[in-house]
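Trainee: sequence first, predicted coordinates after that:
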Amino acid sequence: MASYNEIPVSALTRLVGTPDCPVLLDVRIDEDFDDDPRLIPGAFRYPFKDVLDLANELQSRSVVVYCQKGLKISQGAAALLRASGVQAEVLEGGQFGWRDANLPMVTAAKLPPSDSSGRTMWVTRHRPKIDRIACPWLIRRFIDPKAQILFVAASQVSNVAERFNATPFDIEGVFWSHRAETCTFDTMIEEFGIRHDALTRLAVIVRGADTNRHDLAPEAAGLLAASLGLSRMFRDDLQQLDAGMLLYDAFYRWARDATNEGHDWPAASTKG
C-alpha cells in the first residue's frame, strides 16, 4: 500500500497523457538507466544530487519522482524537494513498478536533442490542420511537455531545422513523417514505443481525417470539421495549437474512457 508521499502506478496511469499530469522526474543513476533506457511518457532525467536546482521552477507544480525501485534515491530526492516547498511524491515501485505493469515507455534513443533550456524543438509547415496539431499534442502529452513547436513557411522548414537545430516533422523526406498509408502521428506512436489502446484508437481517427478516408472511423469526419473550423478561427498558428490541445485532450479521453457511451433523445423514461 502506498504511503502518504507515494503515488501508485495505477493512479499515475490515469494522469499520464492528460493536462493534469504532474512533472515526472527520472532520477535513476546512469547504470540503472543503461539497463533499461526508456522513460515513463512525459518524464525527463535529472541527477538526483542536483534536484534542488529545480526547486524554484517546480514551486507551483505537482511532481512525481522515480528511480529504479522507488526506494532511497527517489525517496531522498522527493524529500529534498518537499523541504524546499515543492509538492513532490514518489512513484510506488519506481520504474520497475511501471515496467512490470506492462505500461508504455518512451524509447529514449529516439528523443531529439534538447536545447539549453532542456526542451526539444520541432519545426513544421505553417497553417496546420490535422497531423500538424495532433503530433504536437502527442509530443507535449507523452514525450516532452516543454517541447517548442515552430511553424514556418513550407519552403523554409529544412533550413530552419538546420539553423536552429530543430527536428522537422510532417514534411516529405524526413524521418518523422507519413509512411505508406499511415500518418506522422502513427509514426511517432510507433517509433517512441508508446502504443496503447486509446492512442491506437485515436490514431485511426487522425489517419482517417488527415488522409480523407472517413470510412476508417466515423469520428474522422468530425475531427476534420473541427480542425478546419479551428484553422479558420485563428490566424496565429500557436493560438490554434493551444485550442487544438483541448480538442485532442477531449478526443483522447473519449478514446480512453467513453467509447461505449452513447447519447439518446428523447431521454429514457424514469417511470418504473
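Mentor: Arrived safely, thanks for sending.
Trainee: what about stretch 123-140, distance to the chain center?
Mentor: Centroid separation between stretch 123-140 and its chain, computed with CA atoms, centre = their mean, to the nearest Å, is 13 Å.
Trainee: for the stretch 101-250 of the chain, which residues score under the pLDDT cut-off?
Mentor: For the stretch 101-250 of the chain, not a single residue meets the criterion pLDDT under 70.
Trainee: that one: strands as residue ranges?
Mentor: 106-107, 121-125, 148-152, 167-168 (DSSP state E, counting those that start in this stretch).
Trainee: quick one: strands adjacent to the first one?
Mentor: Translated: strand 106-107. strand 38-39 (antiparallel) (DSSP bridges).
Trainee: now do the strand it pairs with: distance to the chain's middle.
Mentor: For strand 38-39, the distance to the chain centre is 13 Å (CA atoms, centre = their mean).
Trainee: make 38 the starting number, not 1.
Mentor: OK, 38 is where the count begins now, so the last one is strand 75-76.
Trainee: for that strand, which outside residues touch it?
Mentor: By CB atoms under 8 Å, 6 or more residues apart in numbering, the list of residues contacting strand 75-76 from outside reads Asp63, Arg82, Arg136, Met142, Val143, Thr144, Ala145, Gly230. (Glycine included, C-beta is placed from N, CA and C.)
Trainee: what would those look like in a markdown table with distance to Gln276 and neighbour count?
Mentor: Shown next, in a markdown table, are the contacts of strand 75-76 (distance: CB to CB, whole Å; neighbours: other CB atoms under 10 Å):
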| residue | distance to Gln276 | neighbour count |
| --- | --- | --- |
| Asp63 | 32 | 24 |
| Arg82 | 32 | 15 |
| Arg136 | 39 | 16 |
| Met142 | 33 | 19 |
| Val143 | 28 | 21 |
| Thr144 | 32 | 13 |
| Ala145 | 32 | 16 |
| Gly230 | 32 | 14 |
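Trainee: what's around Pro59, how many residues?
Mentor: By the criterion of other CB atoms under 10 Å, Pro59 has 20 neighbours.
Trainee: whoops, Lys106 was the one
Mentor: Neighbour tally, Lys106, other CB under 10 Å: 16.
Trainee: what sits against it?
Mentor: Neighbour list for Lys106: Gly130, Gly131, Gln132, Phe133, Gly134 [criterion: CB under 8 Å, 6+ apart].
Trainee: how close does the residue lying closest to Val143 once chain neighbours are set aside get to Gly122?
Mentor: Spatially, and ignoring its direct neighbours in sequence, Val143 is nearest to Leu76 (4.6 Å; CB to CB, 6 or more residues apart in numbering). To Gly122, Leu76 is 26 Å away according to CB to CB, to the nearest Å.
Trainee: could you list the domains of the protein?
Mentor: Following automatic domain parsing, the chain resolves into domains at 43-145, 148-295.
Trainee: how about a markdown table for those domains, with distance to Ala304 added?
Mentor: Shown next, in a markdown table, are the domains of the chain (distance: least, CB to CB, whole Å):
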| stretch | distance to Ala304 |
| --- | --- |
| domain 43-145 | 29 |
| domain 148-295 | 18 |
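Trainee: out of these, nearest to Trp302?
Mentor: domain 148-295 (17.7 Å; CB to CB).
Trainee: got the angle for the lengthiest helix in the chain vs strand 158-162?
Mentor: Longest helix in the chain, counting residues (DSSP state H): helix 274-290. Relative orientation of helix 274-290 versus strand 158-162 (axes from the mean of the first three to the mean of the last three CA atoms, to 10 degrees): 100 degrees.
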